[in-house]
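A.B. asks: my questions concern the predicted model and sequence given below.
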Amino acid sequence: MLGTLNRILNLQQAEWPRVLVSWSMTFLTRIGFIIGSTILLATFLSKSGTELLPTFFLGNALLVMLGTVLYRPLLHRVRRELLITYTVLYSAAFLIASVAFLPQGNSVFFVFYMIGQAVFVTQLSILISLFNEELFSPLESQRTFPVIESAETLGGIVGGLLLSSFSHSIPAYKFMVLWVILLLMIVPIVLLFNSRTLEVP
């Protein structure tokens, strides 16, 4: 069975542990991002309308740029798995803090939420991509990365299904708590399974 799957996916037996680690982190990140970005946009539109959408997207872009500036000097100074762990914890802290202001839907909620998403979660996706590159040789990457990248598509589908299935019965803050849980699930994965603990060629 596994041999057939290896031939279909063009993978080798020794690559499966690393593929599963990379795939699962990408999958969790994508589900959370779909849920989080949808809730943020829907909440903004319900509270502020479409007139301020350009300001919203401009602010989001500026925060992404801020995250890039903050993380650039850290990439070569901090071990990748530790940097991912700290990023997850900071993003979770800002997202949980924003939950307290969700009922009012005021500017404080949007500031905390957008910092958590645009500054930290966006950089988390980049860090996970860099982490995945360290787990595979260039020749392995040609075969394994298409499989790993399928996690983004499947994660988007699962996130969309969760939203469409439960959006009428579950309040928005519970989706945000789910997003935080998904993010925190990345921490044990990246600390237990990395280039120091896995057999990397």
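C.D. replies: That came through, no problem.
A.B. asks: just the pLDDT for residue 2.
C.D. replies: The score at residue 2 is 65. That number is its pLDDT.
A.B. asks: hmm, I was thinking of residue 76
C.D. replies: Residue 76 is given a pLDDT of 84.
A.B. asks: one more: residue 179?
C.D. replies: For residue 179, the pLDDT comes out at 90.
A.B. asks: check which helix or strand covers it.
C.D. replies: helix 172-184 (DSSP states H and E).
A.B. asks: report the longest helix in this structure, please.
C.D. replies: Scanning the chain for the longest helix, with DSSP state H as the assignment, gives helix 16-48.
A.B. asks: work out the gap between that one and the centre of the chain.
C.D. replies: In terms of Cα atoms, centre = their mean, to the nearest Å, the centre of helix 16-48 is set 5 Å apart from its chain centre.
A.B. asks: do stretch 56-67 as well
C.D. replies: Between the centre of stretch 56-67 and the centre of its chain there are 17 Å (Cα atoms, centre = their mean).
A.B. asks: repeat for stretch 12-30
C.D. replies: With Cα atoms, centre = their mean, you get 14 Å for stretch 12-30.
A.B. asks: run through the helices of this protein in chain order.
C.D. replies: 2-9, 16-48, 53-71, 80-99, 107-114, 122-135, 138-166, 172-184, 186-192.
A.B. asks: next, the angle from the helix or strand of the chain with the lowest mean pLDDT to helix 138-166.
C.D. replies: Across the helices and strands of the chain, mean pLDDT, DSSP states H and E gives its lowest value to helix 2-9, namely a mean of 76. Going by axes from the mean of the first three to the mean of the last three Cα atoms, to 10 degrees, helix 2-9 is angled at 90 degrees with respect to helix 138-166.
A.B. asks: before we move on, the earlier item: tell me what the helix holding residue 179 is packed against?
C.D. replies: Where contact means 3 or more Cβ pairs under 8 Å, 6 or more residues apart in numbering; DSSP states H and E, helix 172-184 is packed against helix 16-48, helix 80-99, helix 138-166. For glycine as for every other residue, the C-beta is placed from the backbone atoms N, C-alpha and C.
A.B. asks: CA atoms only: put that helix into PDB for me.
C.D. replies: Output of helix 172-184 as PDB, limited to C-alpha atoms (Å, rounded to 0.1, in the frame of the first residue of the first chain):
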ATOM      1  CA  ALA A 172     -16.900  34.800  15.700                       C
ATOM      2  CA  TYR A 173     -14.800  34.700  18.900                       C
ATOM      3  CA  LYS A 174     -14.900  30.900  19.000                       C
ATOM      4  CA  PHE A 175     -13.500  30.800  15.500                       C
ATOM      5  CA  MET A 176     -10.700  33.100  16.700                       C
ATOM      6  CA  VAL A 177     -10.100  30.700  19.600                       C
ATOM      7  CA  LEU A 178     -10.000  27.800  17.100                       C
ATOM      8  CA  TRP A 179      -7.400  29.800  15.100                       C
ATOM      9  CA  VAL A 180      -5.200  30.200  18.200                       C
ATOM     10  CA  ILE A 181      -5.500  26.500  19.000                       C
ATOM     11  CA  LEU A 182      -4.400  25.600  15.400                       C
ATOM     12  CA  LEU A 183      -1.400  28.000  15.700                       C
ATOM     13  CA  LEU A 184      -0.400  26.600  19.100                       C
END
